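> Need coordinates for the below:
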Amino acid sequence: MSEPVKQRDAERTRAELLTVATEVFAESGYSGARVDVIAERTRTTKRMIYYYFGGKEGLYLAVLEEAYRGIRAAERDLEVGELEPAEAMRLLAETTYDHHVAHQDFIRLVAIENIHRGEHIRRLDSLRDLGQPAMSLVDEVLARGREAGLFRADVDAFDVHLVISAYCVFQVANRWTFGHLFERDLGAPEERDHLRSLIGDVVVSWLAA
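The predicted model follows:
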């Protein structure tokens with residue numbers, strides 16, 4: 001087998017392990033997840049998992065990093081330079097909503113990591129750097145909005161990120177309890193257009209000068 005083929009096979013195996021491990025950690029949490037279950041679902045061996053990731057903790061850290069890379073990539077790929085500031089901010093909010101709804105394992109992983117008081121994410125300093133382009137994008141849109149007299153001056157990128165994230169995480173993290181209490185399924189397809197536009201409306205209205 002040639003070297004490029006071996007490399008492709010290794011990349012494929014690693015990607016499959018990350019995909020399945022994401023599901024298992026999201027289902028069972030860090031403590032409850034078992035490496036042999038991940039190996040069985042990927043039709044590989046525990047030895048292979050240890051080879052690629054060094055063990056359960058290394059695999060979990062890789063899963064966390066990959067999950068955060070996903071949302072950061074969605075933010076980075078936004079093309080808002082030609083949009084009016086309010087439209088740009090709406091697109092950012094609605095894209096975040098779309099990503100969270102489409103990647104619900106990400107929300108569960110975040111919740112699990114918070115249960116562990118950020119024990120593992122503290123070892124991933126790379127994630128701080130990963131988030132900077134997204135914050136810079138929000139800063140840029142805010143600056144354009146202020147210059148045009150459209151946005152208030154007492155809100156920064158962290159505030160915007162906090163409000164959008166809080167709303168979007170809630171859609172997934174509290175779907176079942178909220179649904180039982182108020183008899184509305186936040187995950188129902190017929191609710192999504194309304195809930196998606198709602199976060200756009202909230203952010204744009206809140207930022208208005």
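> three-state assignment of A74?
helix (DSSP: H, G, I helix; E, B strand; the rest coil).
> Contacts only, for it.
T95, T96, D98, H99 (Cβ atoms under 8 Å, 6 or more residues apart in numbering). Where C-beta positions appear, they are placed from N, C-alpha and C, glycine not excepted.
> From Y52, how far off is the spatially most central residue of the chain?
What sits nearest the mean C-alpha location of the chain, by Cα atoms, centre = their mean, is I71, with 4.1 Å. Between I71 and Y52 the distance, using Cβ to Cβ, to the nearest Å, works out to 23 Å.
> and what of A86?
For A86 relative to Y52 (Cβ to Cβ), the value is 45 Å.
> More neighbours: those two, which one.
A86 (19 against 15; other Cβ atoms under 10 Å).
> That one touches L150, doesn't it?
Yes. Here A86 reaches L150: they are 6.3 Å apart, a contact under Cβ atoms under 8 Å.
> okay, and the common contacts of these two?
L207, A208.
> where exactly do the helices run in the chain?
3-32, 35-41, 46-53, 56-76, 85-102, 104-115, 126-147, 157-173, 175-182, 189-207 (DSSP state H).
> Helix or strand with the lowest mean pLDDT in this structure?
Across the helices and strands of the chain, mean confidence by mean pLDDT, DSSP states H and E is lowest for helix 3-32: a mean of 83.
> Output the contacting helices and strands for that helix.
helix 35-41, helix 46-53, helix 56-76, helix 104-115 (3 or more Cβ pairs under 8 Å, 6 or more residues apart in numbering; DSSP states H and E).
> could these go into CSV alongside distance to A209 and mean pLDDT?
What follows is the helices and strands packed on helix 3-32, written out as CSV (distance: least, Cβ to Cβ, whole Å; pLDDT from 0 to 100):
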stretch, distance to A209, mean pLDDT
helix 35-41, 51, 92
helix 46-53, 49, 90
helix 56-76, 24, 89
helix 104-115, 33, 92
